[in-house]
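# coordinates only, sequence not included:
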């Protein structure tokens, strides 16, 4: 049975249909990359799946139960990494991650220190994020992938501002997450090179309403 | 390793306090503003103590109101801009609790210090010492309402680039009742009259704001996020 299912999604904006009739499923272990040019509605789709936007019509199911009816269960099991990294410039990487983990009050066993070490920020644990580079700030957000026990990852352009080594690290994280039975929905303009199979869903754009 | 101990709204409030503490200099701005505005009045209306002490309750209250307004714009804006608000909305705490927590932190770092400094400012304007308790207590109660009502305006304008002026147009009319009863309490005390009924009304406003303002702010935040 698929973990997540989207049926007949449709999004219209400024009297233009961004996409319609979009359906896809995510069974445990599956990775889906959403493709489309700028303005095709990728971010809107991801925000709708994450429960942040109601601009998309259609039906979505989590574990067989319709959303947003089982919204609570769903939010608990999802991690949304948006365009904006939700990293406070005035706080250190450690404090930022402690806050993110504190929102749900649970982390994986790796711990905040371990996650910071894994993304290469151990030396900058106590440096306010405003003194770090854009890529390093993005790495703080990516450390959340290691910390969160959520099964469903929704990643909007996770590779922005990250160096090549970081990109391959995130790719291996995504593959490992899928191998462990998790599901990943992501957008990126970067050519994914994963060790495992993944599907691509293209957003058709352009039709006038 | 356990990361958080409290519910999500507590974590959010704790983080906001930490950020405010890191930016102590910024938090002092409303206080300096209050002092400067009060210092302008003797220059404008003349230094006669009698004249100044007559207008002191109103002047201190108006200055405090504007000082509180100064920091209101940022209540939700930075969280909106950096994506934190998306994470907050997806967190398990109801948005009502989170909005109330953020407004409470705003009061702690702006309304509360403004209230504590106001007797000093009033002293510069020759407000009689007998009126100081009324000023302090009316300020402490009144600024609670200001932070909460201001929070509604901040939530409504959070998606606008230049929301500052619109924010003041939206919420200054709602500040009027607090201003009227706040300065009336101080005025009554300065004339040796009882001032507790005005204080009770201010308390009523604060209670009403505590129950309803987070509700309105939460709804406004949801609308602004739903793009």
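Yep, it's here. These figures come from a predicted structure and were not determined experimentally. Numbers count the residues shown, from 1 in each chain, chains lettered A, B, ... in the order given.
# residues near the closest residue to residue B:224 other than its chain neighbours, how many?
Excluding its sequence neighbours, the residue lying closest to residue B:224 (CB to CB, 6 or more residues apart in numbering or on different chains) is residue B:159, at 4.3 Å. C-beta: built from backbone N, CA, C; applies to glycine. Counted with other CB atoms under 10 Å in any protein chain shown, residues neighbouring residue B:159 total 17.
# SS state for residue B:159?
Secondary structure, DSSP: H, G, I helix; E, B strand; the rest coil: residue B:159 is coil.
# hang on, residue A:97 in a helix?
Yes. Counting by three-state DSSP, residue A:97 falls inside a helix.
# does it really touch residue A:140, like I thought?
Yes. Under the criterion of CB atoms under 8 Å, residue A:97 makes contact with residue A:140 at 6.7 Å.
# sorry, back to before: which residues touch the residue nearest to residue B:224?
B:80, B:224, B:227 (CB atoms under 8 Å, 6 or more residues apart in numbering or on different chains).
# phi, psi of it?
For residue B:159, the backbone dihedrals are phi -90, psi 0 (criterion: degrees, to the nearest 10).
# what are the ranges of the strands in chain A?
With strands called from DSSP state E, chain A shows them at A:4-13, A:16-26, A:31-35, A:56-62, A:65-66, A:78-81, A:152-156, A:183-187, A:199-202.
# contacting residues for the spatially most central residue of chain B?
Among the residues of chain B, the one closest to the centroid is residue B:147, at 3.5 Å (CA atoms, centre = their mean). Counting by CB under 8 Å, 6+ apart, residue B:147 makes contact with B:68, B:72, B:103-104, B:106-107, B:110-111.
# out of the strands of chain A, nearest to chain B?
For chain B, the closest of those is strand A:78-81, at 6.2 Å, according to CB to the nearest CB.
# That closest one near chain B anywhere?
Yes. Using CB under 8 Å from any CB of the partner chain, strand A:78-81 reaches chain B at A:78, A:80.
# who are the neighbours in contact with residue B:17?
B:105, B:108-109.
# so which helix or strand takes in it?
Using DSSP states H and E, residue B:17 sits within helix B:8-22.
# ok, then the element right after that helix?
Helix B:8-22 is succeeded, C-terminally, by helix B:24-45 (DSSP H and E).
# Identify each buried residue in that following helix, please.
Neighbour counts over helix B:24-45 (16 or more other CB atoms under 10 Å in any protein chain shown) mark B:27, B:30-31, B:33-35, B:37-38, B:41-42 as buried.
# Chain A: which of the residues you listed is nearest?
residue B:27 (12.4 Å).
# How about that closest one, nearest residue that isn't a chain neighbour?
The shortest distance from residue B:27 to any non-neighbouring residue, by CB to CB, 6+ apart, is to residue B:109 (5.1 Å).
# and residue 194, how many neighbours?
Let's take chain A. Neighbours around residue A:194, by other CB under 10 Å: 14.
# Sorry, I should have been clearer: chain B.
11.
# Tell me who's in contact with it.
Residues near residue B:194 by CB under 8 Å, 6+ apart: residue B:188.
# What strand or helix carries it?
Using DSSP H and E, residue B:194 falls outside every helix and strand.
# State the distance from it to chain A.
Distance, residue B:194 to chain A, by CB to the nearest CB, to the nearest Å: 46 Å.
# how about residue B:75, secondary structure?
Going by three-state DSSP: residue B:75 is helix.
# Quick one: name the residues of chain A near chain B.
A:47, A:50-55, A:72, A:75-76, A:78, A:80, A:82-91, A:95, A:97-107, A:111-113, A:128, A:147.
# which SSE is residue B:210 in?
Going by DSSP H and E, residue B:210 is part of helix B:196-225.
# If you count neighbours, what's buried in that helix?
Residues B:198-199, B:201-203, B:205-206, B:209, B:213-214, B:216-221, B:224-225 are the ones in helix B:196-225 that count as buried (16+ other CB under 10 Å).
# Surely residue B:81 is in contact with residue A:85?
No. Assessed by CB under 8 Å, residue B:81 is found out of contact with residue A:85, at 11.3 Å.
# So for those two, which residue has more residues nearby?
The neighbour comparison of residue B:81 against residue A:85 (other CB under 10 Å) goes to residue A:85, with 23 against 12.
# Who are the contact partners of the nearest residue to that one once chain neighbours are set aside?
For residue A:85, the nearest residue in space outside its immediate sequence neighbours is residue A:141; the separation is 3.8 Å by CB to CB, 6+ apart. By CB under 8 Å, 6+ apart, residue A:141 lies in contact with A:81, A:85-87.
# and of the residues you listed, the nearest to residue B:181?
Nearest to residue B:181, judged by CB to CB, of the contacts of residue A:141 is residue A:86 at 40.4 Å.
# residues contacting the residue nearest in space to the middle of chain A?
Nearest residue to the geometric centre of chain A (CA atoms, centre = their mean): residue A:155, 1.9 Å. Going by CB under 8 Å, 6+ apart, residue A:155 touches A:81, A:174, A:184-188.
# Report all helices and strands that the longest helix along chain A contacts.
The helix that spans the most residues within chain A, counting by DSSP state H, is helix A:164-179. With contacts taken as 3 or more CB pairs under 8 Å, 6 or more residues apart in numbering or on different chains; DSSP states H and E, helix A:164-179 sits against strand A:31-35, helix A:134-147, strand A:152-156, strand A:183-187.
# you'd agree residue B:213 is up against residue B:146?
No. Between residue B:213 and residue B:146 there is no contact under CB under 8 Å: 10.5 Å.
# and the residue lying closest to residue A:27 once chain neighbours are set aside, what are its phi and psi?
Leaving aside its sequence neighbours, residue A:27 sits nearest to residue A:2 (CB to CB, 6+ apart; 4.7 Å). Per-residue torsions, residue A:2: phi -70, psi 150 (degrees, to the nearest 10).
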